[in-house]
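Chemist: Return atomic coordinates for the entry below.
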Amino acid sequence: MRLSSSVFALLCVMCEVLSIALFLRGFFPVPVKSSLSSESKASDLPAEPLTGSGTNSSESPGPVFRRVVIVLVDALREDFVFGSDGLRFMPYTRHVVERGSSHSFIAKARAPTVTMPRIKALTTGSIPGFIDVVMNLNSPALLEDNLIWQAKNAGKRIIFYGDDTWVRLFPKHFMEQDGTTSFFVSDYTEVDNNVTRHLDDTLKRDDWDILILHYLGLDHIGHISGPHSSLIGPKLTEMDDIMKKIHAALISKESEGTSPNLLVLCGDHGMTETGSHGGSSEPEINTPLVLISPAFRRRGGFEEPGVLEQVDLTPTLALGQGLPISKNSVGRLIPAVFEDLSLRDQLRFLQLNGHQLSCLLEDNNPTFHKEDGYELFRVAEKSHGSWMKLYMDGNTSEVLGNIGKKVLKQYLEALKAMSSALSKQLGKYDMYSMIMGMILVLQVLILLLLAMPEALSREAVVDIPLAASLFSLPFYLLCLLGSALHVLICTSAGGLCYLCSLPWVLVFALIILSSALMCALVAMAARRMPTSSKSPTKGSGWTLSELDVVLLVGTVGHTLSLASSSFIEEEHQTWYFLLNTLCLAVFQDVCRKYFSEQEEGGEEESFSSFSPAVELGMSVGSEKWLALATPLLTLTCCRLLRSLNHTGVQWAHLPDFGHWLNSGDHKMFLSLLGALSLALIFLLIQRHCSLVSKIALALGLLGVYSYRAAVGNVLFPWQHSSRTVSKGTVEARFVYVFVLGILFTGVKDLLRAQLTSSAGDGGRLKSRGLWEVYSGVVLLVALLFRAHNLPTLACCLLVQTVMAQFIWKRLHYDAAQTTIMHYWFGQAFFYFQGNSNNIGTVDISVGFVGLESYVEAPAVILTALSTYAGPLLWAFHLLCYLTSQRHRAVMGLGHGSYCFALLRSIPAVFYVVLVTGLRYHLFIWSVFSPKLLYEAMHTLVTTAVCVCFTFMDQDRSGRP
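Modeler: Here you go, the predicted model:
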């Protein structure tokens, strides 16, 4: 079967996307869960050791707290309460922490630090996986045993106000509720006012037992302007006033003979120095936990807060309310909360927690009896029985108290060990799905490598022996073998594998695909084997230039660097180094062409092209100096952009030029820089557009500046810096109109090019249409980029322009070399934007530019476009550039698409194999897993790029 290089590349990356999706389904573990699907019940509680078989022997002590109020402030970092910000902006809360009846802790959240997984952790006590990052956008109902279900089942009356994620997770669980959307990050005022407006009335009532308040404003401010914004202080003060109001109301409701009330202040996660979250840095995982109740002793002054796991709050609240602990909880109760209870009740609470953890350990670890924590718990339980015997016999000596304290210490050690063992386990890998996905991506990569001579030939056509493979005996044998292995694995795995749950037709189709690929690979490898009877064909031996060696070594070196966690965290440094090396290699080629080979370089190219030297009124001879300056200009731009956004891990916390620009004192400078960047963007883009598109582009860029002024990032000369900011919805929609207009104009030219009979006119229309579509995309990216990142976009376009005019055209680089250079530039600009391999650097606020409310599809598309703007702009520029080179467009588009597929496949396949081997590595969840998600998303983006190349590669007239 003969396929063009572009179609072949597209089919390969589509197979890779499906294979990586299958691998991800197996790699991200099924959470640690009890084998019993039902929720915990009071009847399931173990008997108190050696107390006989009375009716109360299996009951837990009564509720410690009558009412519980949980104030969850989204993105509340621990230093916002315990640090200097707490002293300045939360004085009442700090006073209670230092002098009141309270306990304070630093609760460590586990990655991924996004809202929905953290709510699941707080209510179930389990540790959600990274796959919950995707589910965070559309949270389904939580079916797992959880604290909210237990409270409702026990007759507790629950009221909730705040983030509507709770409403989606717990439908029909709340007696009263008022959800607010959590994704419209431009709103940080009304979203909290909608919660607070219910407080006065609710606190006066006596018809509720649990009140949950989830405030989103602080998180939204972080996403908009970071943790050091001038908006943070007033918001913290607002939260402090709310804590004061609730605490005063609870104190007034206290009465003799009733259990005390409990007020909980906590955060679901923190935020980075840029205001984002999702990763595992200290500012993201360290959250405050303040427990306030008359049941606690008054503090004598500020003490350093203790450190515990965020999931420890779940069993503490459950036992404090007299509820069973959720079956899948890996948390351990907080001893300080119960330290004033009788020793018998303390030991009973610890026994209940230990029993629940031991049962969970038995269900998830075949060698549970060898775990130190399990053995310690059994020893503690026996000691507890001995203590109970003395207690029931009426022994009141000091010996009883000493034995009880010893048992309590044994229980605490056992709980710590079992909780740690369960937290480390996290879940079970689906190795069958992982291996199948890995085999498929390996087959696709080998197929791409074997097809390289044909894919990069002048015809750009690949001959795949698919028909012969489908009718060969090995194909049928492989299908039978694969089917037998599938049946064997599924019958022995007990239905725990994802592939075993799929319909047989889908699984058999997967087996057929893998078998066909294997047979095709063998046939193509045999065809590539040299034979003595055949003489070497012309062009069979490729010669590598110095630039080719740099590109090859750089690609392989970057791929191998992914085996190191430190290189993954600081991957931007690798791409910066490779880009600098590439510029020096290009500089050497320019010197060789214009100075070492002057006798051969006096003639101009036979084809006409835009010449900046002529446009600027310079002599044609001066063009060599412009070519010589191009790599140096590129190096200068890259160096300036490196200081704009610090990324990675090691130096991300240090102030950068972006932080300086975003500070309120330098808004005028940011305004000037933004205006100059937009003007430069217009000058660089408009030369490819029609008159109508030029006008639309100019008005659109003016709208971009107006939008940034409306939201308070920049100023117009006549504006005062203290003006009230808005959401900029009208200004953003104004820009969207011009984006759609430019895109419509470009698509119209592309369609006309398909209908034009003249090849020359069709080529010109196609080239102009592509450039206009590119201009529309640039305008949209300019709207989505933050104000301080507009110079990044301007530098991107500037480098593209000078490289295209003075390097790629003049030095006659082939399509493969040009594609690899575009790919490298795209990767570097991905990090110049401020991105990293940490989920926390994804700027979700761009998904709501111009929107009044959360709409899932536009939000996801805009966020993806903004995040991958660098790679996409460079890929689109390559498409426009190759199409404009009409003398080699047919061959160039096929070569470009193939090279993009190969460049994406090599690191993706290597990384899939790598994480399979390192799945028990210490940093598998904090470093390697987020990078795996980025690799999968990047492969999906490359698929979209290959679709565009294939669509434009319609000219088959020059192919056999």
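
Chemist: Apart from its chain neighbours, what residue comes closest to Phe825?
Modeler: Nearest residue to Phe825 in three dimensions, chain neighbours excluded: Trp874, at 5.0 Å (Cβ to Cβ, 6 or more residues apart in numbering). Every C-beta, even on glycine, is put in place using the N, C-alpha and C of the backbone.

Chemist: tell me, how many neighbours does the one you found end up with?
Modeler: A count of nearby residues for Trp874, using other Cβ atoms under 10 Å, gives 25.

Chemist: Which elements pack onto the helix or strand hosting it?
Modeler: Using DSSP states H and E, Trp874 sits within helix 869-884. Here helix 869-884 is seen to pack against helix 759-784, helix 790-803, helix 815-832, helix 889-917, helix 929-952 when contacts are counted using 3 or more Cβ pairs under 8 Å, 6 or more residues apart in numbering; DSSP states H and E.

Chemist: among those, which is nearest Ser329?
Modeler: Nearest of the helices and strands packed on helix 869-884 to Ser329, taken as Cβ to Cβ: helix 929-952 at 22.7 Å.

Chemist: So for the closest one, what gets flagged as buried?
Modeler: 929-936, 938-943, 945-946, 948-950, 952 (16 or more other Cβ atoms under 10 Å).

Chemist: re the thing from before, ok now do the residue nearest to Phe825, which residues does it touch?
Modeler: Contact partners of Trp874, counting by Cβ atoms under 8 Å, 6 or more residues apart in numbering, are 796, 800, 822-823, 825-826, 829.

Chemist: ok, so what distance separates it from Met821?
Modeler: 9 Å (Cβ to Cβ, to the nearest Å).

Chemist: ok, back up a step: with mean pLDDT as extra columns, can I get the helices and strands packed on helix 869-884 in JSON lines?
Modeler: Converted to JSON lines, the helices and strands packed on helix 869-884 look like this (pLDDT from 0 to 100):
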{"stretch": "helix 759-784", "mean pLDDT": "88"}
{"stretch": "helix 790-803", "mean pLDDT": "95"}
{"stretch": "helix 815-832", "mean pLDDT": "95"}
{"stretch": "helix 889-917", "mean pLDDT": "91"}
{"stretch": "helix 929-952", "mean pLDDT": "93"}
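
Chemist: Can you show me the strands along the stretch 101-250 of the chain?
Modeler: 102-108, 158-163, 176-180, 210-215 (DSSP state E, counting those that start in this stretch).

Chemist: May I have the secondary structure class of Thr272?
Modeler: coil (DSSP: H, G, I helix; E, B strand; the rest coil).

Chemist: circling back to that earlier point, can I get the strands of the stretch 101-250 of the chain in TSV with mean pLDDT?
Modeler: Below are these laid out as TSV (pLDDT from 0 to 100):
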stretch	mean pLDDT
strand 102-108	95
strand 158-163	94
strand 176-180	90
strand 210-215	96
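
Chemist: quick one: which of those strands is nearest Tyr429?
Modeler: The nearest among those, by Cβ to Cβ, is strand 102-108 at 24.5 Å.

Chemist: Rounded mean pLDDT for stretch 367-382, please.
Modeler: Across stretch 367-382, pLDDT averages out at 87.

Chemist: Residues touching that stretch, excluding its own?
Modeler: Contacts for stretch 367-382 (Cβ under 8 Å, 6+ apart): 49, 350-351, 354, 357-358, 361-362, 365, 407, 410-411, 413-421.

Chemist: where's Leu265, which helix or strand?
Modeler: strand 262-266.

Chemist: Just want the angle from that strand to strand 102-108.
Modeler: 30 degrees (axes from the mean of the first three to the mean of the last three Cα atoms, to 10 degrees).

Chemist: can you offset everything so residue one is 30?
Modeler: Happy to do that; since the first residue is 30 now, the last one works out to strand 291-295.

Chemist: Only alpha carbons, please: show the next helix or strand after strand 291-295 as PDB.
Modeler: With elements assigned by DSSP H and E, the helix or strand that comes after strand 291-295 is helix 311-314. The C-alpha trace of helix 311-314 is given here as PDB (Å, rounded to 0.1, in the frame of the first residue of the first chain):
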ATOM      1  CA  GLU A 311       6.400  23.200  49.100                       C
ATOM      2  CA  PRO A 312       4.200  26.300  48.600                       C
ATOM      3  CA  GLU A 313       1.700  24.100  46.800                       C
ATOM      4  CA  ILE A 314       1.500  21.200  49.200                       C
END
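
Chemist: buried residues in helix 311-314?
Modeler: Here helix 311-314 shows 312-314 as buried, counting by 16+ other Cβ under 10 Å.

Chemist: before we move on, the earlier item: next, format the strands of the stretch 130-279 of the chain as JSON lines and append distance to Trp837.
Modeler: Formatted as JSON lines, those follow (distance: least, Cβ to Cβ, whole Å):
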{"stretch": "strand 131-137", "distance to Trp837": "51"}
{"stretch": "strand 187-192", "distance to Trp837": "50"}
{"stretch": "strand 205-209", "distance to Trp837": "51"}
{"stretch": "strand 239-244", "distance to Trp837": "53"}
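
Chemist: can you tell which of these is closest to Ile597?
Modeler: The nearest among the strands of the stretch 130-279 of the chain, by Cβ to Cβ, is strand 131-137 at 22.3 Å.

Chemist: Note down every partner strand of the closest one and its orientation.
Modeler: Take DSSP bridges as the rule and strand 131-137 pairs in its sheet with strand 315-321 (antiparallel), strand 335-338 (parallel).

Chemist: Averaged pLDDT, the last one. What do you get?
Modeler: If I follow you right, that is strand 335-338. According to the model, strand 335-338 has a mean pLDDT of 93.

Chemist: And for stretch 297-307?
Modeler: 86.

Chemist: Need the CA coordinates for it. PDB is fine.
Modeler: Taking C-alpha atoms only, stretch 297-307 is exported to PDB below (Å, rounded to 0.1, in the frame of the first residue of the first chain):
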ATOM      1  CA  ASP A 297      -7.300  22.300  49.900                       C
ATOM      2  CA  HIS A 298      -3.800  23.300  48.400                       C
ATOM      3  CA  GLY A 299      -1.400  26.200  48.200                       C
ATOM      4  CA  MET A 300      -0.100  28.100  45.300                       C
ATOM      5  CA  THR A 301       3.300  28.700  43.700                       C
ATOM      6  CA  GLU A 302       5.100  32.000  43.400                       C
ATOM      7  CA  THR A 303       3.200  32.500  40.100                       C
ATOM      8  CA  GLY A 304      -0.200  31.700  41.700                       C
ATOM      9  CA  SER A 305      -0.700  28.400  40.000                       C
ATOM     10  CA  HIS A 306      -1.000  24.900  41.600                       C
ATOM     11  CA  GLY A 307      -1.100  21.300  40.600                       C
END
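
Chemist: what's the helix or strand for the closest residue in space to Leu827 that isn't next to it in sequence?
Modeler: Among residues not flanking Leu827 along the chain, Leu713 sits closest, at 6.2 Å (Cβ to Cβ, 6+ apart). Element membership for Leu713 (DSSP H and E) is helix 696-714.

Chemist: Can you list the helices and strands that that helix packs against?
Modeler: Against helix 696-714 (3+ Cβ pairs under 8 Å, 6+ apart) you get helix 686-691, helix 720-739, helix 788-813, helix 819-832.
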